[in-house]
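Colleague: no FASTA, just this:
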C-alpha cells in the first residue's frame, strides 16, 4: 500500500519506468480486451501497468494527471508476449 501512497506525490515521468509502464492495447490478451469492451473502454489506445509488489500489478488508464483503476492482477499475463 505504501507504493500506491508514494505515487500521489509523484509526476508521471517519475512513476513511469521499467516497473511501471504504458502498454499498447494491441499487446494485451483476449480476456483483457473483452474486459475493456464490457467496460465500454475498447476505444482507448493504452493502459498503464503499475507494479505494486512482486508480480502484483494495478492496471488502469491515465486521464490527465489522474489514474483510474480498472483491475489488479497477480501476474503480468495480460500481455500477449508473456
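Modeller: Alright, I've got the coordinates. All values reported here derive from a predicted model rather than from experimental measurement.

Colleague: Give me the number of neighbouring residues for residue 48.
Modeller: 21 (other C-beta atoms under 10 Å). The way it works is simple: take the backbone N, C-alpha and C, and place the C-beta from them, glycine included.

Colleague: Check the one 3 residues further on too.
Modeller: One way to gauge burial is a neighbour count; for residue 51, by other C-beta under 10 Å, it gives 16.

Colleague: Quick check: it is in a helix.
Modeller: No: counting by DSSP: H, G, I helix; E, B strand; the rest coil, residue 51 is not found in a helix; it is strand.

Colleague: Kindly state the beta-bridge partners for residue 61.
Modeller: Beta-bridge partners recorded for residue 61 (DSSP bridges): residue 68.

Colleague: Do I have it right that it meets residue 39?
Modeller: No: the criterion here is C-beta atoms under 8 Å, and residue 61 misses it with residue 39 at 9.8 Å.

Colleague: higher neighbour count, the two?
Modeller: residue 61 (18 against 12).

Colleague: For residue 64, which residues are in contact?
Modeller: By C-beta atoms under 8 Å, 6 or more residues apart in numbering, residue 64 lies in contact with nothing.

Colleague: where does the closest residue to residue 45 other than its chain neighbours land on pLDDT?
Modeller: In this structure, residue 45 finds its nearest non-sequential neighbour in residue 25, 5.7 Å apart by C-beta to C-beta, 6 or more residues apart in numbering. Note for residue 25: predicted pLDDT of 93.
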